[in-house]
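*Asks:* I would like to see how this sequence folds:
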Amino acid sequence: MRYLILIVWLVVVGTAIGWLGLAAAEDDARRVEPADAPELSIPFANRGGIRDWVAVDDSTLLVQDNFRKWYKLRLVAPTRHLLHAEGIGFVTGPSGTLDNTGALAVRGHKYPIASVTASEGPKRQRR
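*Replies:* Residues are numbered from 1 along each chain as shown. This is a model prediction of the structure:
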C-alpha cells in the first residue's frame with residue numbers, strides 16, 4: 001500500500017512539474033523574435049555613427065545611430081559585464097559598418113554579435 005501511494009505521489013508531482021515546464025517553454029516561445037527579421041548593419045559605426053546605447057539584458061543591446069534609428073544587437077553568448085558597463089567598444093570590419101560579423105568590446109573582452117535587427121528603442125519610463 002505504501003508503494004502505491006508513493007507511485008501516485010510521484011505521478012502527480014511529475015505531472016505538475018511537466019505542466020510548469022510547458023508553461024515556461026510557451027513564455028519563451030512568445031519572446032523569441034520572428035525568424036524572418038531582416039539582418040541589418042549600422043554604417044559608419046567606427047567613425048562616430050553610434051549615438052546612444054542601452055543594455056537590455058546580458059546578451060542584448062539596443063543601439064541608436066546618428067539618424068535616430070534603433071537597432072537590437074544580440075550577442076552569441078551572454079556576458080555578465082554588459083549590464084554594468086560604463087563604456088562599450090564596437091569592433092567593425094574594414095568598411096566600418098557594424099553587422100553580425102562584428103563584436104562588442106566590454107572591459108577588454110570581445111563578444112561576437114549574432115544578429116542586428118531593427119528595434120523600436122527602449123521603453124520610456126515616467127519620472
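*Asks:* got the contact list for the top strand by length along the chain?
*Replies:* What stands out as the longest strand in the chain, according to DSSP state E, is strand 109-119. Applying CB atoms under 8 Å, 6 or more residues apart in numbering, the contact partners of strand 109-119 are 33, 37-42, 62, 69-77, 79, 81-82, 91, 98-105. The way it works is simple: take the backbone N, C-alpha and C, and place the C-beta from them, glycine included.
*Asks:* narrow those to those that are buried.
*Replies:* Taking 16 or more other CB atoms under 10 Å as the criterion, what is buried in the contacts of strand 109-119 is 40-42, 62, 70-73, 75, 79, 81-82, 91, 98-100, 102-104.
*Asks:* tell me the domain ranges of this protein?
*Replies:* Residue ranges for each domain of the chain read 1-32, 45-119, as given by automatic domain parsing.
*Asks:* pretty sure residue 5 sits in a helix.
*Replies:* Yes - applying DSSP: H, G, I helix; E, B strand; the rest coil, one finds residue 5 inside a helix.
*Asks:* helices of the protein, start to end?
*Replies:* Residue ranges of the helices in the chain, as given by DSSP state H, are 2-31.
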